[in-house]
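K.L.:
Structure, please.
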Amino acid sequence: MTSTAQAPKSGAGTAHPDHLGHVIFIAAAAAMGGFLFGYDSSVINGAVEAIRGRYDIGSAALAQVIAIALIGCAIGAATAGRIADRIGRIRCMQIAAALFTVSAVGSALPFALWDLAFWRIVGGFAIGMASVIGPAYIAEVAPPAYRGRLGSFQQAAIVVGIAISQLVNWGLLNAAGGDQRGKLMGLEAWQVMLGVMVIPAVLYGLLSFAIPESPRFLLSVGKRERAREILAEVEGNGVDLDARVAQIEQAMTSEHKSTFKDLLGGGFFFKPIVWIGIGLSVFQQFVGINVAFYYSSTLWQSVGINPTDSFFYSFTTSIINIVGTVIAMIFVDRVGRRPLAIIGSVGMVVGLALEAWAFSSHLVDGKLPATEGWIALIAAHVFVLFFALSWGVVVWVMLGEMFPNKIRAAALGVAAAAQWIANWAITASFPSLADWNLSVTYVIYTVFAALSVPFVLKFVKETKGKSLEEMG
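P.N.:
Model prediction:
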């Protein structure tokens, strides 16, 4: 492979677009997939008990219906890279938007439990696609000087999607008189909750027609002049466009469509860079972040907090999540990816360790003692804050930019699939672990947060300010 060190100097590393607002719009439109990712992931929380009552099922069957979407997510993430390489990033977004739409309609109008589960898988497949194509596309169109901040739009959209779904569910529940199965627009309230996702899904599809295709994909299919136009559009006329195109083409000279085989580094083992991407994905989930969003209401009620307050604390957690994400967006290109990840890991260790200590206390009349209860609540918010300002954003940014061009799409797909499998493992295991020993469960999450520090120090390289062609 020709060394990228010999590529023409284009000035891309310090380039500033002539119309930054337009570039922000492009990134925000692509990140709508992230909004749907967050919305679809959390909207089901408002329907859990109604589904249990309507289909008269136990906790085990209910858990499978809830978690089955994550299997769809893993499949969608694993295949999105190849789809994007074959038909383009924009077409991939449009397929995801269509799947989100039909999933919302199908989930709102199920005629049986298996039917609902099927539409959950379809929605999961769309989430998996969006989890891959969003950060990959943004990384490919964003100027290097802004790529971290624009890449963080994906995580920002996810956390806003989570918060909006909670607000919409709360509003619909109140409109139905506080009953998840109360009538609303001729349907039960929980059905409307799931169906409302049609609105952002259609918007995502429409926005995909208003943004340009990735220059790298266009060059890969021989559309050189169109790629040059888009590079001028997003990186500015101050860049030497001929040198920029040559730089990208030189990096692609010995490349072909990335496949799973390209990720192997000898025998059946992945290349080291792929394992690093998988490691980032697994650590992001194994600290137990989704417990804070999927089970927080149940968790607080289990230690004696009433349902109304537990809902309030779950909502405040989502607000803290947004605040942390904004902090990360501000500092990811200033401080760098590695320092933010390390700061976040240390903060998560503190928060999780305090939660583990608080939950080790004996319940008094079914409640935690006052001091331990307040420490548990504050520590939970500290944990979410430090996750959001670090790993929540940094992992998505790095997965979009850390891999060499030759394997980027396929490697990102594998790393994202690993993230969904890890997410499923945590989601499926928490109820049993919590029943066994809630404090020890949080000790386990604390250990993974602590192990993430040496992992980053030893294996993860800084990518701040580098062009994608410098990644391999």
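
K.L.:
Which residue is the nearest non-sequential neighbour of the residue in the chain sticking out farthest from the centre?
P.N.:
In the chain, residue 365 marks the outermost C-alpha relative to the chain mean, sitting 39.0 Å out by CA atoms, centre = their mean. If the residues on either side of it in the chain are set aside, residue 365 comes closest to residue 304, at 7.5 Å by CB to CB, 6 or more residues apart in numbering. Heads up, the C-betas are built off the backbone N, CA and C, glycines and all.

K.L.:
May I have the secondary structure class of that neighbour?
P.N.:
Recorded secondary structure, residue 304: coil (DSSP: H, G, I helix; E, B strand; the rest coil).

K.L.:
just how off-centre is the biggest helix by length in the chain within its chain?
P.N.:
Of all segments of type helix in the chain, defined using DSSP state H, the longest is helix 408-459. Centre-to-centre, helix 408-459 and its host chain are 14 Å apart (CA atoms, centre = their mean, to the nearest Å).

K.L.:
Surely residue 433 is in contact with residue 439?
P.N.:
No: under the criterion of CB atoms under 8 Å, residue 433 is not in contact with residue 439, lying 10.5 Å apart.

K.L.:
For these two, indicate the residue with more neighbours.
P.N.:
With neighbours defined as other CB atoms under 10 Å, residue 433 and residue 439 compare such that residue 433 has more, 17 against 14.

K.L.:
which element follows the helix or strand residue 37 falls within toward the C-terminus?
P.N.:
Here residue 37, judged by DSSP states H and E, is contained in helix 32-43. Once helix 32-43 ends, the next helix or strand along the chain (criterion: DSSP H and E) is helix 48-55.

K.L.:
Which other helices and strands does that following helix contact?
P.N.:
Contacts defined by 3 or more CB pairs under 8 Å, 6 or more residues apart in numbering; DSSP states H and E place helix 48-55 against helix 59-87, helix 113-141, helix 189-195.

K.L.:
Which one of those lies nearest to residue 163?
P.N.:
Closest approach to residue 163 among these is made by helix 189-195 (14.8 Å; CB to CB).

K.L.:
ok, now which ones touch the closest residue to residue 401 other than its chain neighbours?
P.N.:
Spatial nearest neighbour of residue 401, chain neighbours left out: residue 139 (4.7 Å); criterion: CB to CB, 6+ apart. Counting by CB atoms under 8 Å, 6 or more residues apart in numbering, residue 139 makes contact with 147, 151, 397, 400-401, 468.

K.L.:
again with residue 126
P.N.:
For residue 126, the contacting residues are 36, 40, 72, 76, 96-97, 99-100, 103, by CB under 8 Å, 6+ apart.

K.L.:
how far away is it from residue 201?
P.N.:
According to CB to CB, to the nearest Å, residue 126 and residue 201 sit 8 Å apart.

K.L.:
Just give me the closest of the contacts of residue 126 to residue 174.
P.N.:
Among the contacts of residue 126, and counting by CB to CB, the member closest to residue 174 is residue 40, at 22.0 Å.

K.L.:
Tell me the confidence at the closest one?
P.N.:
With respect to pLDDT, residue 40 scores 85.

K.L.:
hang on, the earlier thing: between the contacts of residue 126, which sits nearest residue 313?
P.N.:
Nearest member of these to residue 313, counting by CB to CB, is residue 40, at 22.8 Å.

K.L.:
Model confidence at residue 431, what's the number?
P.N.:
On the pLDDT scale, residue 431 is placed at 74.

K.L.:
thought it was touching residue 63?
P.N.:
Yes: in terms of CB under 8 Å, residue 431 counts as a neighbour of residue 63; the distance is 7.0 Å.

K.L.:
re earlier: I'd like a version of the contacts of residue 139 in TSV, one that adds secondary structure and distance to residue 178 as further columns.
P.N.:
Formatted as TSV, the contacts of residue 139 follow (DSSP: H, G, I helix; E, B strand; the rest coil; distance: CB to CB, whole Å):
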residue	secondary structure	distance to residue 178
147	helix	46
151	helix	41
397	helix	41
400	helix	42
401	helix	46
468	helix	51
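
K.L.:
Could you work out the most separated pair of the residues you listed?
P.N.:
Using CB to CB, the contacts of residue 139 reach their maximum pairwise distance at 397 and 468, which is 12.3 Å.

K.L.:
the more surrounded of these two?
P.N.:
Set side by side, residue 397 and residue 468 show more neighbours around residue 397, with 29 against 25, by other CB under 10 Å.

K.L.:
nearest spatial neighbour of that one, skipping sequence neighbours?
P.N.:
Take residue 397 and drop its neighbours on the chain: the residue closest to it by CB to CB, 6+ apart is residue 151, 4.0 Å away.

K.L.:
ditto for residue 281
P.N.:
Per CB to CB, 6+ apart, closest to residue 281 is residue 419, 3.6 Å.

K.L.:
Report how many residues lie close to that neighbour.
P.N.:
Other residues near residue 419 come to 27 when the count uses other CB under 10 Å.
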